[in-house]
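Novice: whatever this is, show me its structure:
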Amino acid sequence: MDHYRDADPNLLGRRRPEAKLYVDLTDEGRPLVMHTAAERPDLWERGIPSNTVWPEYNLHGDVVNKWWGLLDEELPDYQFVLYDEANDIVVAEGHTGPMRWDGTDASLPESFDATIVQVFEDHRSGLQLDTLCALAAESPRDGQRRGLAVQLLGAMREIAGRRGLTRLVAPVRPSWKDRYPLTPIERYITWRRDDGQLVDPWMRVHERLGARIATPLPRSLRITGTVAEWESWTGMAFPETGDYVFPEGLSTVRIDRDADLGSYWEPNVWMVHPDIPRA
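Specialist: Numbering: from 1, shown residues only. Prediction:
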């Protein structure tokens with residue numbers, strides 16, 4: 001979601017709780033409750049282990065990792081968990097941030113890296129913000145519940161409404177792009193099934209909720225490391241300089257043995273959701 005990243009939750013100071021939000025029922029027939037990191041720092045601290053959600057390489061963004069640990073420190077009202085009260089389990093967590101946007105596709109940030117920087121710059125500016133950006137939705141890959149993705153996006157719309165933001169945008173990480181790492185993102189995002197729906201499941205969830213495809217981001221999230229680091233992250237050997245397909249990669253990694261450097265650009269796509277009515 002929109003982007004898959006490793007969270008570094010910290011225990012936050014206590015804040016006055018806001019009203020609970022009951023989102024759509026789980027497949028077990030019990031409601032999940034949304035709590036922000038500000039409301040329930042104890043639940044936020046429990047969180048979702050990153051190694052149950054994302055591939056290892058995806059946790060080492062050059063730009064993103066400089067900012068990710070600040071989300072719950074500076075923006076605790078925008079980070080949240082979905083909590084199964086009956087079983088006392090945190091089943092998912094979401095990461096979002098506010099920003100300014102004029103509503104035109106051309107003015108959306110050019111990458112996920114630029115997006116997270118803008119979120120913090122806009123928040124710190126003191127200006128009136130109007131848009132919520134979905135940054136990540138995290139739930140364990142081996143235990144996902146039916147409809148959980150829809151509930152996460154619904155919770156994000158609720159947070160936007162609470163904060164007086166009227167737009168919701170997402171730099172989406174297409175969930176099946178790793179099956180087609182050699183296909184340019186510009187082509188991949190146009191693929192549709194015989195029934196007219198998008199091939200990519202995560203993009204399809206967004207579209208079913210009314211979102212539209214805006215612009216592709218072929219160079220969205222930068223990840224670099226030594227050759228040894230990339231071999232560790234991927235479980236592969238890179239015996240010579242070249243471009244390599246690797247497990248769960250959305251595009252290829254460029255390995256330069258002489259420079260001892262592996263370089264990867266993760267592609268994403270902007271999706272724009274319907275406007276959120278003011279409360």
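
Novice: spatially central, which residue of the chain would that be?
Specialist: A136 (2.1 Å; C-alpha atoms, centre = their mean).

Novice: what's the first helix or strand after the strand ranked longest in the chain?
Specialist: Criterion DSSP state E: the longest strand present in the chain is strand 212-225. Once strand 212-225 ends, the next helix or strand along the chain (criterion: DSSP states H and E) is helix 227-234.

Novice: and that following helix, what's its mean pLDDT?
Specialist: Average pLDDT, helix 227-234: 98.

Novice: then stretch 92-105?
Specialist: Across stretch 92-105, the per-residue pLDDT values average to 97.

Novice: partner residues bridging the nearest residue to H206 once chain neighbours are set aside?
Specialist: In this structure, H206 finds its nearest non-sequential neighbour in M271, 4.7 Å apart by C-beta to C-beta, 6 or more residues apart in numbering. The C-beta positions use only the backbone N, C-alpha and C, and glycine is treated the same way. Judged by DSSP bridges, the bridge partners of M271 are A170, I213.

Novice: what about T226, how many residues nearby?
Specialist: Residue crowding around T226 was assessed by other C-beta atoms under 10 Å; the count is 12.

Novice: quick one, phi psi at it?
Specialist: Per-residue torsions, T226: phi -70, psi 170 (degrees, to the nearest 10).

Novice: and what of D178?
Specialist: Note on D178: backbone dihedrals following degrees, to the nearest 10 are phi -70, psi -20.

Novice: wait, what's in contact with it?
Specialist: For D178, the residues meeting the contact criterion (C-beta atoms under 8 Å, 6 or more residues apart in numbering) are P247, E248, G249, L250.

Novice: would you quantify the distance from the last one to P174?
Specialist: Right, the one you point to is L250. 7 Å (C-beta to C-beta, to the nearest Å).

Novice: what's the first-to-last distance across stretch 133-147?
Specialist: Length of stretch 133-147, first residue to last, C-alpha to C-alpha, to the nearest Å: 21 Å.

Novice: for it, what is the average pLDDT?
Specialist: 78.

Novice: nearest residue to E56 other than its sequence neighbours?
Specialist: Leaving aside its chain neighbours, E56 sits nearest to W233 (4.6 Å; criterion: C-beta to C-beta, 6+ apart).

Novice: typed the wrong thing, it's A106
Specialist: In space, A106 is closest to T215, 8.0 Å off (C-beta to C-beta, 6+ apart).

Novice: surely that neighbour and D105 touch.
Specialist: Yes: counting by C-beta atoms under 8 Å, T215 does reach D105; the two are 5.4 Å apart.

Novice: which neighbours do those two share?
Specialist: Residues touching both T215 and D105 (C-beta under 8 Å, 6+ apart): W270.

Novice: could you check which of the two is surrounded by more residues?
Specialist: Set side by side, T215 and D105 show more neighbours around T215, with 16 against 12, by other C-beta under 10 Å.

Novice: who's in contact with H123?
Specialist: H123 neighbours (C-beta under 8 Å, 6+ apart): E74, L75, G97, P98, M99, L129.

Novice: mind checking how far E85 is from E231?
Specialist: Distance of E85 to E231, given as C-beta to C-beta: 43 Å.

Novice: swap in V91?
Specialist: For V91 relative to E231 (C-beta to C-beta), the value is 34 Å.

Novice: neighbour-wise, which of these two wins?
Specialist: Neighbour totals were compared for V91 and E231, and V91 leads with 20 against 16 (other C-beta under 10 Å).

Novice: now the helices for the protein?
Specialist: Using DSSP state H, the helices found in the chain span residues 41-46, 64-67, 71-74, 112-125, 148-162, 185-188, 201-208, 227-234.

Novice: coming back round to it: please identify which of the contacts of D178 is nearest to D260.
Specialist: G249 (19.6 Å; C-beta to C-beta).

Novice: wait, that closest one touches Y180, no?
Specialist: No: here G249 lies out of contact with Y180, judged by C-beta under 8 Å, at a distance of 10.8 Å.

Novice: of these two, who's got more company?
Specialist: Comparing G249 with Y180 by other C-beta under 10 Å, the one with more neighbours is G249, at 20 against 17.

Novice: give me the buried positions along stretch 98-106.
Specialist: Residues P98, M99, R100, W101 are the ones in stretch 98-106 that count as buried (16 or more other C-beta atoms under 10 Å).
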